[in-house]
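**Student:** Sharing a model prediction with you, sequence too.
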Amino acid sequence: MTSSRTAHPERCLGAARTGPLTFNHAEGGSLRRLGGPFFVSPTVDRPYAPTTVACVSVKKATASADQVTLAVDEFVQLAALAASSDSPAAPILLRRLARRYRTENGRAAEELVTILRAGPVRGAAASTPDPVDVDSRLPLLRREEPVAMRVSPIYDDALSAAIQQIIAEHLRSEALYAVGLAPTRTALFVGPPGVGKTLAARWIAQLLDLPLLTLDLSSVMSSFLGRTGSNIRRVLDHARANHCVLLLDELDAIAKRRDDATEIGELKRLVTVLLQEIDRWPEGSLLIAATNHGDLLDPAVWRRFEAVLEFPLPTAAARAEAVRQLLADECVDPVVTEMVVAASDGSSLSALEGDVLAARRLAAIGDLALDESLLEIQRGHIERLSQPERIKLATRVLSQTSMSQRQVSRLTGVSRDTLRKRADDGGTDAQ
């Protein structure tokens, strides 16, 4: 007997009862339960909950001719409906089912992994304009699509590995879903300005081939504080409906410690709003928050992020690689590049890039060789240093480059006698 497909995916009662669903023709089209969760057919006179999460057993049919199990196709439709709901329990349940059916029903498991891989259903919301502030009518988001970066960012080995781990999880999410796991949903980037936090978010979005939506939390503050929470909700609701990487920049502008006596009550309530919205972030997309001041964040904020990445100031090796990339098309004396690397100790890569760009401009308008303009930019920095700082810098440049004492003295204004004395003392300030 051919199965009569009467179960409707939009009409379900939840997962409280057990038993594989069967359709009994002999009993006038009623549904029976044999030990697993079930969905209700239109013949049952009960109210329905359209977004209720439910699951159906798809074991091979063993019932008699008048009882047939619900088809895999219908099961997959129901799973897709569950995945499209706002309930955070939906993907958790679907992951468990995918893991369970790996051995019992391979096709059902594969379909579940596909649904999880696609993430929440992005319908009309995905084509709606980006939200704007009600008062100013200015955009609340910056959209970059597609993300295009010419060179890969430069980080130390540990940080690079952590970033690549996040990328790999999303590129191979089906492997995670198949064993009941999910890729990282939320990540917190912490570090001083200019160390590459935003660059890392752009790099991740580019490799995942996803748009990057950026919300600057320092600019989302409405003149009417009560509307700031509404702005945040609207932005995150919009981002949830789009398969994207969402960057919450300047997180510390809102997510400050709630025990800070200098903050007013409304700002403290915004922290709660933000935490609730982060908890609701769906699987399949990635939310990244960035802060320059991790010490200002509310302790509860840290616990909301599945991954926390620390972005330190660049090492000498990282600065050398950055200079190599920035001057790749130029003929520059290696001694000068060594000096730039040594002199930039304690600086961010963003500051280093700014120096090279300024030197290029100076060379262009002053009809100078790039070597000379690079040295001129460094002299400008050195002139603003105190004498002890100049001596420390001169000692470091002398020990880390092939520059002579005469060249270092001319550049820094530190006498050769002082440099010789430092060299005789072992250059303790060179590190």
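**Tutor:** Received it, and whenever you're ready, just let me know what you need.
**Student:** got the residue ranges for the helices in the stretch 51-200 of the chain?
**Tutor:** With DSSP state H, counting those that start in this stretch, the ranges of helices along the stretch 51-200 of the chain come out as 72-83, 89-104, 106-118, 157-171, 173-177, 197-208.
**Student:** Let me have those helices in a markdown table, extended by mean pLDDT.
**Tutor:** Shown next, in a markdown table, are those (pLDDT from 0 to 100):
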| stretch | mean pLDDT |
| --- | --- |
| helix 72-83 | 64 |
| helix 89-104 | 70 |
| helix 106-118 | 73 |
| helix 157-171 | 96 |
| helix 173-177 | 91 |
| helix 197-208 | 96 |
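**Student:** Of all the ones you listed, which one is nearest residue 406?
**Tutor:** helix 157-171 (37.6 Å; CB to CB). Every residue, glycine included, has its C-beta placed from N, CA and C.
**Student:** Give the buried residues for the closest one.
**Tutor:** Using 16 or more other CB atoms under 10 Å as the test for burial, helix 157-171 gives 159, 162, 163, 166, 167, 169, 170.
**Student:** give the contact list for the closest residue to residue 152 other than its chain neighbours.
**Tutor:** Spatial nearest neighbour of residue 152, chain neighbours left out: residue 203 (6.7 Å); criterion: CB to CB, 6 or more residues apart in numbering. Residues near residue 203 by CB atoms under 8 Å, 6 or more residues apart in numbering: 149, 152, 153, 163.
**Student:** okay, the angle between the longest helix seen in the chain and helix 197-208?
**Tutor:** If you go by DSSP state H, the chain has its longest helix at helix 349-366. Computed by axes from the mean of the first three to the mean of the last three CA atoms, to 10 degrees, the angle separating helix 349-366 from helix 197-208 equals 100 degrees.
**Student:** before we move on, the earlier item: any of the contacts of residue 203 buried? List them.
**Tutor:** 153, 163.
**Student:** Quick one, which of the contacts of residue 203 has the minimum pLDDT?
**Tutor:** Among the contacts of residue 203, residue 152 has the lowest pLDDT, at 88.
**Student:** could you measure that one against residue 204, distance?
**Tutor:** 11 Å (CB to CB, to the nearest Å).
**Student:** coming back round to it: as TSV, the contacts of residue 203 with distance to residue 292 would be great.
**Tutor:** TSV is the format used below for the contacts of residue 203 (distance: CB to CB, whole Å):
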residue	distance to residue 292
149	22
152	23
153	17
163	18
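**Student:** of all the contacts of residue 203, which comes closest to residue 100?
**Tutor:** Of the contacts of residue 203, the one sitting nearest to residue 100 (CB to CB) turns out to be residue 163, at 32.8 Å.
**Student:** Roughly how far does that closest one sit from residue 374?
**Tutor:** 30 Å.
**Student:** what does residue 392 give?
**Tutor:** For residue 392, the distance to residue 374 - CB to CB - is 21 Å.
**Student:** Comparing the two, which shows the higher neighbour count?
**Tutor:** residue 374 (28 against 20; other CB atoms under 10 Å).
**Student:** what does the model give the closest residue to that one other than its chain neighbours for pLDDT?
**Tutor:** Spatial nearest neighbour of residue 374, excluding adjacent residues (CB to CB, 6+ apart): residue 359 at 4.5 Å. For residue 359, the pLDDT comes out at 95.
**Student:** was I right about residue 359 contacting residue 373?
**Tutor:** Yes - under the criterion of CB atoms under 8 Å, residue 359 makes contact with residue 373 at 4.2 Å.
**Student:** Among the two, which residue is more densely surrounded?
**Tutor:** More crowded of residue 359 and residue 373, by other CB under 10 Å: residue 359, with 26 against 21.
**Student:** What is the burial count for residue 414?
**Tutor:** 23.
**Student:** meant to ask about residue 151, not that
**Tutor:** Counted with other CB under 10 Å, residue 151 comes out at 10.
**Student:** For the nearest residue to it once chain neighbours are set aside, give its distance to residue 153.
**Tutor:** Nearest residue to residue 151, sequence neighbours excluded (CB to CB, 6+ apart): residue 325, at 5.6 Å. In this view, residue 325 and residue 153 are 10 Å apart by CB to CB.
**Student:** shared neighbours of the two, anything?
**Tutor:** Counting by CB under 8 Å, 6+ apart, nothing touches both residue 325 and residue 153.
**Student:** Show residues contacting stretch 390-397.
**Tutor:** Residues contacting stretch 390-397 (CB under 8 Å, 6+ apart): 339, 342-343, 345, 382, 385, 403, 408-409, 411-414, 418-419, 422-423, 427, 429-431.
**Student:** In the protein, what residue spans correspond to strands?
**Tutor:** Along the chain, counting by DSSP state E, strands occupy 21-24, 30-33, 67-69, 142-144, 186-190, 212-216, 245-249, 286-291, 307-310.
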